[in-house]
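Engineer: return atomic coordinates for the entry below.
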Amino acid sequence: MLKRDKSFHDYVLYDLLGGIDGVVSRPMFSGWGIYKNGKIFAFIIDSDLYFKGNKETSRVFEEKGGKQFDYVKKSHPEPVKLPYWSVPEEILEDREVFTEWVSLATKN
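Structural biologist: Numbers count the residues shown, from 1 in each chain. Next up is the predicted model:
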């Protein structure tokens, strides 16, 4: 079972997303959902941040090194894939590119 990483949550929410109006987090499963103006656009599981993608933005996230979130259900042999993409460390460290990714994720 995954543990909530409060320090990573605080880094994402307050350092990276702190200047964006309407952004809040709520506990979700083993992590947090991240919302802008009441609409989920990201989540944190363990020490990983995932942004919501769509047909267009998923390609951008994947091309830049994002990995699609998946999980395995006991009742289903194949991994279940969700439309969320990991945010690579180099994106977290580049404020300009990170802001662009936030913009893409919040358009969904």
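
Engineer: only C-alpha atoms for contact and neighbour calcs from this point on.
Structural biologist: Will do.

Engineer: sec struct for Tyr11, please.
Structural biologist: helix (DSSP: H, G, I helix; E, B strand; the rest coil).

Engineer: count the neighbours of it for me.
Structural biologist: Per other CA atoms under 10 Å, the neighbour tally for Tyr11 reads 12.

Engineer: what does Asp5 give?
Structural biologist: Asp5 has 16 nearby residues by other CA under 10 Å.

Engineer: now swap in His76 and tell me
Structural biologist: Neighbours around His76, by other CA under 10 Å: 8.

Engineer: what sits opposite it in the beta ladder?
Structural biologist: Beta-bridge pairing of His76 under DSSP bridges involves Lys73.

Engineer: most remote residue from this protein's center?
Structural biologist: The C-alpha centroid of the chain is most remote from Ser75, which lies 25.8 Å away (CA atoms, centre = their mean).

Engineer: buried residues in the lengthiest helix in the chain?
Structural biologist: For the chain, the longest helix by residue count, based on DSSP state H, is helix 95-106. Using 16 or more other CA atoms under 10 Å as the test for burial, helix 95-106 gives Phe98, Thr99, Trp101, Val102, Leu104, Ala105, Thr106.

Engineer: so which elements touch that helix?
Structural biologist: Contacts defined by 3 or more CA pairs under 8 Å, 6 or more residues apart in numbering; DSSP states H and E place helix 95-106 against strand 39-45, strand 48-52, helix 55-63, helix 89-92.

Engineer: name the residues that touch that helix?
Structural biologist: By CA atoms under 8 Å, 6 or more residues apart in numbering, the residues outside helix 95-106 that reach it are Leu16, Lys36, Phe41, Ala42, Phe51, Lys52, Gly53, Thr57, Phe61, Ile91, Leu92.
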